[in-house]
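Q: A predicted structure for the sequence below; I have some questions about it.
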Amino acid sequence: MVSLKLQKRLAASVLKCGKRKIWLDPNEVTEISMANSRQNIRKLVQDGLVIRKPERIHSRARTRRRLEAKRKGRHTGTGKRRGTNKARMPQAVIWMRRQRVLRRMLRKYREAKKIDKHLYHELYAKCKGNVFKNKRVLMEFIHKAKATKAREKLQKDQAEARRMKNRAARERKSQRQEERRMVAFRVNVQDVREASKEEAKCGKK
């Protein structure tokens, strides 16, 4: 049996692969053994006596099929679990995700002018204080807070309008009283003048 170690090494160098990927035609051993240069090896490659084996396939079909099933919830029962519940999904990760969701929502509402910066700050602090467990609860709280604020503003405006109305009424009343006083004063002055004139006439007589 002729050793084809050299030819295999040269073929690996020419074809740019490993020696285990080289196939030498067993029927043409004598001709292959005569090749002792890279040029000769290239000729043998052209003739098809030396071939580079194809890549071995490592199929992921089974893995993909299993992962697809796991997404549906298969293969995830108690018998398949190795860590505790908190090790499989840490509380810190859940907390961070929740905070990011709530803060993103607050930012979006503030940019859309749905809430002002004061309410934003208050709700941000409440989020950090674990008041809201999800977006729905936060949204309901915002709607309720906005309704309360609108109601308070309406009541305040109504109270202000009542105050203005009462003030205007008081001013009108005081004005009327002042006018009455002035009229009464004029009447009194006129009566006094007339009385003094009559007294003067009586004194002349």
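A: It's in.
Q: who's in contact with Ala35?
A: Residues in contact with Ala35 (Cβ atoms under 8 Å, 6 or more residues apart in numbering) are 7, 10, 41, 43-44. C-beta coordinates here come from the backbone N, C-alpha and C atoms, glycine included.
Q: again but with Ile32, I slipped
A: By Cβ under 8 Å, 6+ apart, the neighbours of Ile32 are 4, 7, 24-25, 44, 49-50.
Q: which residues in the chain form strands?
A: Under the criterion DSSP state E, strands of the chain are mapped to 22-24, 50-52.
Q: which positions within the first one qualify as buried?
A: It stands for strand 22-24. Using 16 or more other Cβ atoms under 10 Å as the test for burial, strand 22-24 gives 22, 24.
Q: how far out from the middle of the chain is it?
A: With Cα atoms, centre = their mean, to the nearest Å as the basis, strand 22-24 stands 59 Å off its chain's centre.
Q: next one: stretch 170-181
A: 63 Å.
Q: can you list the low-confidence ranges for the chain?
A: Under the criterion pLDDT under 70, the flagged ranges of the chain are 1, 203-205.
Q: for it, longest helix please?
A: helix 135-204 (DSSP state H).
Q: distance of the closest residue to Ala69 other than its chain neighbours from Lys146?
A: Closest residue in space to Ala69, ignoring its immediate chain neighbours: His75 at 6.1 Å, by Cβ to Cβ, 6 or more residues apart in numbering. Distance from His75 to Lys146, counting by Cβ to Cβ, to the nearest Å: 47 Å.
Q: these two: which is more packed in?
A: With neighbours defined as other Cβ atoms under 10 Å, His75 and Lys146 compare such that Lys146 has more, 14 against 11.
Q: what about that one, distance to His58?
A: Note on Lys146: its distance to His58, by Cβ to Cβ, is 59 Å.
Q: grab the nearest non-local neighbour of Ile22.
A: Ala11 is the one closest to Ile22 (Cβ to Cβ, 6+ apart), at 4.7 Å.
Q: doesn't Lys43 make contact with the one you found?
A: No - shown here, Ala11 and Lys43 do not form a contact pair, counting by Cβ atoms under 8 Å, at 11.5 Å.
Q: more crowded one of the two?
A: Ala11 (27 against 13).
Q: okay, which residue is most central for the chain?
A: Of all residues in the chain, the one closest to the mean position by Cα atoms, centre = their mean is Arg104, 2.8 Å from it.
Q: state the distance from that residue to Leu138.
A: Separation of Arg104 from Leu138 (Cβ to Cβ) stands at 11 Å.
Q: again, but for Gln39
A: 76 Å.
Q: more crowded one of the two?
A: Counted by other Cβ under 10 Å, Gln39 and Leu138 do not tie: Leu138 has more neighbours, with 20 against 10.
Q: quick check, the more buried one in contact with Leu102.
A: Yes - proximity of Leu138 to Leu102 meets the contact threshold set by Cβ under 8 Å, at 5.7 Å.
Q: which neighbours do these two share?
A: Common neighbours of Leu138 and Leu102 (Cβ under 8 Å, 6+ apart) are 127, 132.
Q: picking up where we left off before, which one (most neighbours) among the contacts of Ala35?
A: So for these (other Cβ under 10 Å), the most neighbours sit at Ile41, 25 neighbours.
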